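1. all I have is the shape, not the residue letters:
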DNA sequence: GCATATTTTGGCAGAACCTGCCATTTGTGG
DNA sequence: CCACAAATGGCAGGTTCTGCCAAAATATGC
């Protein structure tokens, strides 16, 4: 039922764009009444955004499965890579690319998407703090300074993720998304001794 | 005229919240017709968000005034600090804190705000690429790899900024915003030799 | 199989946001 | 004072979303 509405919405949405697709049209396409659409989804946005609602949990799972002594940044990079591996290098007609393009094109949808990423950051924070206290032999008090530092790192990683998505859309998906994401994450990766000078100067 | 509408909106908005403030009420408070409100502002969101529309340009100016050989991350941190210096350490009743709290509380407004930050990133990118080509003695071809790296760094910095804003709101503004922001930016700052171990492990 | 209870669905009215169109008012130059 | 231009207001309508209640489908008990 929900799936029926969602797929109907996606069809119309990819065909005529987000704003040009009314809820009434979605309802008709799905064979239900407009009122019932709002029984399944709280808003029109959610019909399309909801498929990104699960990535917070998936990301948290991926993070928990990383070694506890791994640098946070590398864990995030690995978790991102694991989640986006399926995207691969699609043709321009691949729904993933069309979907992302549509999202960044529609202000309403893009704002909603950015918020969804904010929510996913909470899940990532939970997973990483869990991991941190588990890794610490002596369970020490949780400093709020550490907290904001961890939040900042996660936010930075998500910034890279969104940047990579936008950049990938601009390339029409000519290169695999993982490559774009890897470039973005590498640019902000904490410098190790050895690589002295990078784009940051 | 515009200012009259904007201040009327802010008054009602801080008094009864964003969602509970209708455009009709704003119009009445400002002494104009509802139709005229939409002549000044394209949407209800813009009445309140527009004050953040200028920060992209201000940030770009601040970035251009930084030394050309400064690491990008430090330039961003300095530019952020310059723009947010005015905030200081307000009491809980300070409008800045109330405004930020209201923004992060209202999903609609927060989504809009995040988009505004995305726009500001474009301005920052322009300013920093300008600076980079000016610093380079031999004007070399602009690599798209460098581009996404720079975009990633900027996005990471803005991620820290938003994180700091949210964290600052949670502390009720008991510490100056600059401190919170500094902590967030420092957490992601590229490691130098010397500080080996940080929160990233 | 049938009547009843429960859940799902549909229709209707209405609030709020936003837009296009045109009349009215306001201000300005001759 | 009059003609012209610009700003403003009013009106109708479309779209999203909500509350309320009736109708229909489904499940349950006998």
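-> Cool, the structure landed. For clarity, every value in this text was computed on a predicted model and none was experimentally measured.
2. any regions of chain A where pLDDT drops low?
-> Low-confidence segments of chain A, defined by pLDDT under 70: A:88-93, A:137-145, A:190-201.
3. switch the cut-off to 80
-> A:86-95, A:134-146, A:190-201 (pLDDT under 80).
4. give me the most central residue, it.
-> Nearest residue to the geometric centre of chain A (Cα atoms, centre = their mean): residue A:117, 5.5 Å.
5. what sits against that one?
-> A:158, A:161, A:162 (Cβ atoms under 8 Å, 6 or more residues apart in numbering or on different chains). For the C-beta atoms, the positions are set from N, CA and C on the backbone; glycine is no exception.
6. and for the second one, the neighbour number?
-> Put plainly, it is residue A:161. 24 (other Cβ atoms under 10 Å in any protein chain shown).
7. and the one helix or strand it maps to, what does it pack against?
-> Using DSSP states H and E, residue A:161 sits in helix A:144-170. Contact here means 3 or more Cβ pairs under 8 Å, 6 or more residues apart in numbering or on different chains; DSSP states H and E; on that basis helix A:144-170 packs against helix A:72-84, helix A:95-105, helix A:107-135, helix A:177-188, helix B:144-170, helix B:177-188.
8. out of these, which gets nearest to DNA strand D?
-> helix A:107-135 (8.6 Å; Cβ to the nearest atom of the strand).
9. pull the distance from the closest one to the chain's centre.
-> Offset of helix A:107-135 from its chain centre (Cα atoms, centre = their mean, to the nearest Å): 9 Å.
10. buried residues in that helix?
-> By neighbour count with 16 or more other Cβ atoms under 10 Å in any protein chain shown, helix A:107-135 contains the buried residues A:108-118, A:120-121, A:123-125, A:127-128, A:131-132.
11. before we move on, what about stretch A:48-62?
-> For stretch A:48-62, by 16+ other Cβ under 10 Å, it's A:48, A:49, A:52, A:55, A:56, A:59, A:60, A:62.
12. in helices only, show me those.
-> A:48, A:49, A:55, A:56, A:59, A:60, A:62 (DSSP state H).
13. show me what contacts the third one?
-> To tie it back to what came earlier, the one meant is residue A:55. A:83, A:116, A:120.
14. so which residue of chain A comes closest to DNA strand C?
-> With Cβ to the nearest atom of the strand as the measure, residue A:36 is the residue of chain A nearest to DNA strand C, at 2.9 Å.
15. helices or strands up against the host helix or strand of that residue?
-> Following DSSP H and E, the helix or strand that holds residue A:36 is helix A:34-40. When contacts are defined as 3+ Cβ pairs under 8 Å, 6+ apart, helix A:34-40 sits against helix A:2-16, helix A:23-30.
16. just give me the neighbour total for residue A:94.
-> 14.
17. I figured it was touching residue A:172, is that so?
-> No. Counting by Cβ atoms under 8 Å, residue A:94 sits too far from residue A:172 to count as a contact (10.4 Å).
18. anything in contact with each of those two?
-> In contact with both residue A:94 and residue A:172: no residue, using Cβ under 8 Å, 6+ apart.
19. contacting residues for the closest residue to residue A:102 other than its chain neighbours?
-> Take residue A:102 and drop its neighbours on the chain: the residue closest to it by Cβ to Cβ, 6 or more residues apart in numbering or on different chains is residue A:18, 6.1 Å away. By Cβ under 8 Å, 6+ apart, residue A:18 lies in contact with A:48, A:102, A:105, A:106, A:108, A:109.
20. in contact with the third one, which residues?
-> Remark: with contacts taken as Cβ under 8 Å, 6+ apart, residue A:105 is in contact with residue A:18.
21. distance of it from residue A:13?
-> 12 Å (Cβ to Cβ, to the nearest Å).
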